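Engineer: Sharing a model prediction with you, sequence too.
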Amino acid sequence: MAIHKSLKTKGKLSRHRNVLSRRERVEILRKDGKWQEGESVFGLAKVKHIKEKRKIKVPVPAEVTPEVAEETEVAEEKAGE
């Protein structure tokens, strides 16, 4: 029996998880320099995990220089002919 398409997830969980797996905790501790290769994976330190918010890309307005303005005017004139 197939799973209904409304019950399928698009890849991983889309919400924030408070509990991390041991592997994820070790990766974070390794990045912070608090865990070295060969140490025990039992009794790991607590890891604060905050979901990063998406940064909204703000379009940067292009500055119109006189040279660019002339080029666009010439191109518009040619397109109009």
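Structural biologist: Looks like it came in fine. As the structure is a computational prediction, the values presented were derived from the model and not from experiment.

Engineer: For the rest of this, base every contact and every neighbour count on C-alpha atoms.
Structural biologist: OK.

Engineer: what stretches of the chain score poorly on pLDDT?
Structural biologist: For the chain, residues meeting the criterion pLDDT under 70 lie at 10-15, 60-69, 72, 74-76, 78-81.

Engineer: One more pass at 90, please.
Structural biologist: Where the chain drops to pLDDT under 90, the residues are 1-21, 35-39, 41, 43-81.

Engineer: And the helices in it, which stretches?
Structural biologist: Secondary structure of the chain (DSSP state H): helices located at 22-32, 66-80.

Engineer: check contacts around R25.
Structural biologist: With contact set as Cα atoms under 8 Å, 6 or more residues apart in numbering, R25 has these partners: L44, V47.

Engineer: S6 versus that one, what's the distance?
Structural biologist: From R25 across to S6, the span is 32 Å (Cα to Cα, to the nearest Å).

Engineer: next one: P59
Structural biologist: 35 Å.

Engineer: now swap in R54 and tell me
Structural biologist: 25 Å.

Engineer: Let's check: the centremost residue of the protein is which one?
Structural biologist: R54 (6.6 Å; Cα atoms, centre = their mean).

Engineer: any idea how far L20 is from it?
Structural biologist: From R54 across to L20, the span is 20 Å (Cα to Cα).

Engineer: for L29, same thing?
Structural biologist: 12 Å.

Engineer: Compare neighbour counts for the two and give me the winner.
Structural biologist: L29 (17 against 12; other Cα atoms under 10 Å).

Engineer: Give me the spatial nearest neighbour of the more buried one, chain neighbours excluded.
Structural biologist: W35 (5.4 Å; Cα to Cα, 6 or more residues apart in numbering).

Engineer: Tell me the spacing between that neighbour and L20.
Structural biologist: From W35 to L20 the distance is 16 Å (Cα to Cα).

Engineer: Brilliant, that's me finished.
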